[in-house]
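K.L.:
Need a 3D model of the sequence below.
(chains A, B, C and D)
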2 protein chains.
Amino acid sequence: MTAKREPISRRERPAKPALTRRGIVDAAVRVMRSEGLEKVTMRRLAQELDTGPASLYVYVANTAELHAAVLDALLGEVELPADEPGADWRDQLVAVLTSYAHLLFEHPQLARSALVARPSGENYLNLVERLLLLLSRSGTPQAQVAWGVDNLLQYATATAAEHGTQERDPMSRDDWDALARAVYGADEAVHPMIKAHLPDLLSGTESGRLAWGFDVVINGIIHTPVPGAEG
Amino acid sequence: MTAKREPISRRERPAKPALTRRGIVDAAVRVMRSEGLEKVTMRRLAQELDTGPASLYVYVANTAELHAAVLDALLGEVELPADEPGADWRDQLVAVLTSYAHLLFEHPQLARSALVARPSGENYLNLVERLLLLLSRSGTPQAQVAWGVDNLLQYATATAAEHGTQERDPMSRDDWDALARAVYGADEAVHPMIKAHLPDLLSGTESGRLAWGFDVVINGIIHTPVPGAEG
DNA sequence: ACCTGAACACCGTTCAAGT
DNA sequence: ACCTGAACACCGTTCAAGT
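P.N.:
Model (predicted):
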């Protein structure tokens, strides 16, 4: 049954491809894609890598750091098409942000983790670099651009965390229904403004609202000087 | 040792004050205030109420719903001072939003749960009602106001979820340090824009940025017509 | 230095059985 | 209808011991 010490015979199954941080993160991405981030646990991953959970702590500080590493890896998929200085900066900016948002819409749990443990990897820097470049083209003062990029990313991340892929997520549906009922059932005497804004309060498609939101933040950045700086 | 059946004797300890949804939520708020939301678990609460975890499921669907109920209860503490039609709508609007944000800054985990399971209770409706009223005073078209209130609340909630009370939260500090290192260590050749925006990228106080962010969203709402509607 | 087994201290949720 | 004990199926993390 047991080969005392198997000879090098390269044709055998890879079996245990030596634990590395890289290998752990790769396995984590694989598990997330097939079963969702909630299954990316130390124990599940250890099982996947044919070892015990304790072994992972040599390469990864804790579960939060592991999830952050997964996000960092995924950020490499944000589309940063070749910059065309002639093209409209606003269109290009919205395109990049939309690509980022779409990525997180498919993994809302990752968006939630991004709000808590902010990324700082290479892919994230590339994304920030591009956003700074495009927003700068608007002619907005530097300080506003620097602060504004943060708000743009936060808006995309938070929206993904909120509305992300509700297919088969019964909870979100329930919440939405509860809000709709509360809002339509509001008492005219107590909540006249809610009544007055009623169809609009819940109107619009997800992508329509997302696009509007990007415009809101962009226009806001452009029109709002940073306190200490010159206009 | 055991009294077979204790007589009515009202002077004894309250012992088991009959399970109710209200009692459960009250206990949850109590536990959150003293030990944080992460301790608000079915098991911990059952212990607090001197029963088994299974008993709670008669009144509460699951842990997420319980956390949502806690948020709803806390929302009653948002300050909605008497509306003064003479006062500047913008100042009043920012004051209400700041009060809401401060509440969540003290309970960042609650802010995170708010992003996922959106509230729809009475206190939430009161908050939305007031925001609609104040934002309407700007003269902005109804549809923009209706959509905009959502963005204002989302911005406050997301910011609280991100930066909320890092005192004693070693994780957040680490993240910030990592970002600072990444940004200051960026290669001039690869990330020139990051270098160019460097002091600004990480400058400002928490409350300074929050206030600026509110202005950004407000200005954005005012300047951004909703797609289908008349300007 | 790296890896491990085993343990500690928890979780959410369900279900059959009781009152 | 409400409440419960007990169980099922998991978690994260640590630590002493091994190689």
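K.L.:
burial of residue A:188, as a residue count?
P.N.:
9 (other C-beta atoms under 10 Å in any protein chain shown). (Glycine included, C-beta is placed from N, CA and C.)
K.L.:
How is it assigned, secondary-structure-wise?
P.N.:
Counting by DSSP: H, G, I helix; E, B strand; the rest coil, the backbone at residue A:188 sits in coil.
K.L.:
Let me know whether it touches residue A:195 as I believe.
P.N.:
Yes. Between residue A:188 and residue A:195 there is a contact under C-beta atoms under 8 Å: 5.2 Å.
K.L.:
Can you check what pLDDT the model gives residue A:169?
P.N.:
Looking at residue A:169, its pLDDT is 60.
K.L.:
what residues does chain A put near DNA strand C?
P.N.:
Taking C-beta under 7 Å from any atom of the strand, the part of chain A that reaches DNA strand C is made up of A:16, A:18, A:19, A:51, A:52, A:53, A:54, A:55, A:57, A:58, A:59.
K.L.:
residues near the fifth one, how many?
P.N.:
Going back to what we said before, that points to residue A:52. Residues lying near residue A:52 (other C-beta under 10 Å) number 11.
K.L.:
helices or strands next to the lowest-mean-pLDDT helix or strand in chain A in the packing?
P.N.:
For chain A, scoring each helix and strand by mean pLDDT, DSSP states H and E identifies helix A:170-184 as the least confident one, at a mean of 83. Using 3 or more C-beta pairs under 8 Å, 6 or more residues apart in numbering or on different chains; DSSP states H and E as the contact test, the elements touching helix A:170-184 are helix A:198-201, helix B:122-136.
K.L.:
can you redo those as JSON lines with distance to residue A:43?
P.N.:
Formatted as JSON lines, the helices and strands packed on helix A:170-184 follow (distance: least, C-beta to C-beta, whole Å):
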{"stretch": "helix A:198-201", "distance to residue A:43": "44"}
{"stretch": "helix B:122-136", "distance to residue A:43": "38"}
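K.L.:
and of those, who's closest to residue A:72?
P.N.:
Nearest of these to residue A:72, taken as C-beta to C-beta: helix B:122-136 at 34.8 Å.
K.L.:
pull the longest helix from chain A.
P.N.:
helix A:142-163 (DSSP state H).
K.L.:
Tell me, please, where in chain A the pLDDT is lower than the cut-off.
P.N.:
The model of chain A has pLDDT under 70 over residues A:1-16, A:164-172, A:229-231.
K.L.:
Can you tell me which residue of it sits closest to chain B?
P.N.:
Going by C-beta to the nearest C-beta, chain B is nearest to residue A:220 of chain A, at 3.0 Å.
K.L.:
For the residue nearest to that residue when sequence neighbours are not counted, give me its contacts.
P.N.:
Nearest residue to residue A:220, sequence neighbours excluded (C-beta to C-beta, 6 or more residues apart in numbering or on different chains): residue B:220, at 3.0 Å. By C-beta atoms under 8 Å, 6 or more residues apart in numbering or on different chains, the contact set of residue B:220 is A:215, A:216, A:217, A:218, A:219, A:220, A:221, A:223, B:151.
K.L.:
cutoff 10 Å now
P.N.:
The neighbours of residue B:220, taking C-beta atoms under 10 Å, 6 or more residues apart in numbering or on different chains as the test, are A:151, A:155, A:212-224, B:144, B:148, B:151.
K.L.:
in chain A, what residue is nearest DNA strand C?
P.N.:
residue A:54 (2.7 Å; C-beta to the nearest atom of the strand).
K.L.:
State the distance from that residue to residue A:21.
P.N.:
Going from residue A:54 to residue A:21 by C-beta to C-beta, to the nearest Å gives 16 Å.
K.L.:
out of the residues of chain A next to DNA strand C, which are buried?
P.N.:
Neighbour-count burial (16 or more other C-beta atoms under 10 Å in any protein chain shown) applied to these gives A:19, A:59.
K.L.:
re earlier: where does the residue of chain A closest to DNA strand C sit, in terms of helix or strand?
P.N.:
In this structure, residue A:54 sits in helix A:53-56 according to DSSP states H and E.
K.L.:
Buried residues in whatever helix or strand comes next after that helix, which are they?
P.N.:
Sequence order places helix A:63-74 as the next helix or strand after helix A:53-56, per DSSP H and E. By 16+ other C-beta under 10 Å, the buried positions in helix A:63-74 come out as A:66, A:67, A:68, A:69, A:70, A:71, A:72, A:73, A:74.
K.L.:
when you scan helix A:63-74, is anything in it near chain B?
P.N.:
Yes. With C-beta under 10 Å from any C-beta of the partner chain as the criterion, chain B is reached by helix A:63-74 at A:64, A:65, A:68.
K.L.:
Turn those residues into JSON lines, including distance to residue B:176.
P.N.:
Shown next, in JSON lines, are these (distance: C-beta to C-beta, whole Å):
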{"residue": "A:64", "distance to residue B:176": "14"}
{"residue": "A:65", "distance to residue B:176": "14"}
{"residue": "A:68", "distance to residue B:176": "13"}
